[in-house]
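What would the 3D arrangement of this be:
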Amino acid sequence: MSLPALRVGTRASLLATTQAGHVAELIRTTLGRDAELVEVSTKGDRTQAAGTPLESMGGTGVFVSALRDALLDGRVDIAVHSLKDVPTYPADGITLAAVPLREDPRDVVVARDGLTLGELPVGSRVGTGSPRRVAQLHALGLGLDVVGVRGNVDTRIGKVRSGEYDAVVLARAGLARIGRLDEATEVLDPLQMLPAPGQGALAIECLSEGDLAAELQQLDDPATRAAVNAERAVLATLEGGCSAPIGALAEVAEGDDGDEIWVRAIALSPDGGLSVRMSASGAPADATSVGIRLANEMLADGAGQLNQPAEPSAEVQNA
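Alright, predicted model coming up:
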């Protein structure tokens, strides 16, 4: 007797349903089970559509809670999130069962006339809704007018096409997943802008009880899981003593004595005038510990004092 189709919970946006569709296809091809999408309306989607800033809604977790509620009350079997939206603290009764192979985590620029950030004239209006991106854009010292922007990918790019903004900064992974990567005019090197912890990765959650979590582990990519564990450990540790914008990127690479994980992170004052940037490495099996150690070193070097704007000339940098 065939097993029932797995109900995959997703937000209703094009990007969310595309991501959930990718997971549904993995379920069909890897697990040999059917899967169907179930759209769940979230408070984050409703208030974002009304133009409310994400920070005033309680942060990225507003996109996750409704899907988790659908898991807990039995409307869906699986919830699919952008991992960067998932809070670092655990949710009772819910397991992060799998993190599939990650898309490129870098940020991109979509600018008028095919321009890069460095080619935009001083005073150009650049839109982003992310304090992390705002701080790093200011830190580049390009004299850009960085302004807030909400809405889906199409809305944001539309503000450039209409001339309202000169450019917007977006996640490369999102554009790639919906087939619009050719609209990016520049892919930002992590030396210019470190991405959000977990950016480009998907989170597949299910109830902790039962056998489904073990089955879904077949969809997990070990290198991706190690990288995001390290990044999220940086974020969780810094959030305990730091309210500054944070970027982090971890990569698993082959070393002289086997694979190793290398983690880079930055914490900045909101205006980008002060920053603490550090890196650390270790064994992929110890990814969480490497992230915690790196974050504690950053806190010891002043990351916890970056929540106030700095004098424009001030800077704290560490290799």
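
Next, Glu251: secondary structure please.
strand (DSSP: H, G, I helix; E, B strand; the rest coil).

Next one: it from Asp182, what distance?
Glu251 sits 25 Å away from Asp182, taking CB to CB, to the nearest Å as the criterion. Every C-beta, even on glycine, is put in place using the N, C-alpha and C of the backbone.

okay, the two: which has more neighbours?
A direct count of neighbours by other CB atoms under 10 Å for Glu251 and Asp182 places Glu251 higher, at 16 against 7.

From Leu299, how far off is that one?
23 Å.

for the stretch 201-319 of the chain, which spans come out with low pLDDT?
241, 308-319 (pLDDT under 70).

Surely Val146 is in a helix?
No - applying three-state DSSP, one finds Val146 to be strand, outside a helix.

Can you give me every residue that contacts it?
Contacts for Val146 (CB atoms under 8 Å, 6 or more residues apart in numbering) come out as 126-128, 134, 137-138.

Tell me where the model's unsure across the stretch 51-200 of the chain.
Within the stretch 51-200 of the chain, the segments meeting pLDDT under 70 span 51-60.

Tell me where it has strands.
78-82, 94-98, 107-111, 125-127, 145-147, 167-171, 186-187 (DSSP state E, counting those that start in this stretch).

Can you give the distance of the first one from its chain's centre?
Averaging C-alpha positions (CA atoms, centre = their mean, to the nearest Å) puts strand 78-82 13 Å from its chain's average.

One more: stretch 18-31?
Taking mean C-alpha positions (CA atoms, centre = their mean), stretch 18-31 and its chain are 20 Å apart.

again with stretch 262-277
That offset, for stretch 262-277, works out to 16 Å (CA atoms, centre = their mean).

cool, stretch 25-41 as well?
With CA atoms, centre = their mean, you get 23 Å for stretch 25-41.

Can you measure across that stretch, start residue to end residue?
22 Å (CA to CA, to the nearest Å).

ok, the contacts of Val146 vs Thr88, which is closest?
Thr88 lies nearest to Val134 out of the contacts of Val146, by CB to CB, at 21.2 Å.

Show the end-to-end separation of stretch 270-278, please.
Its start and end residues considered, stretch 270-278 measures 18 Å (CA to CA).
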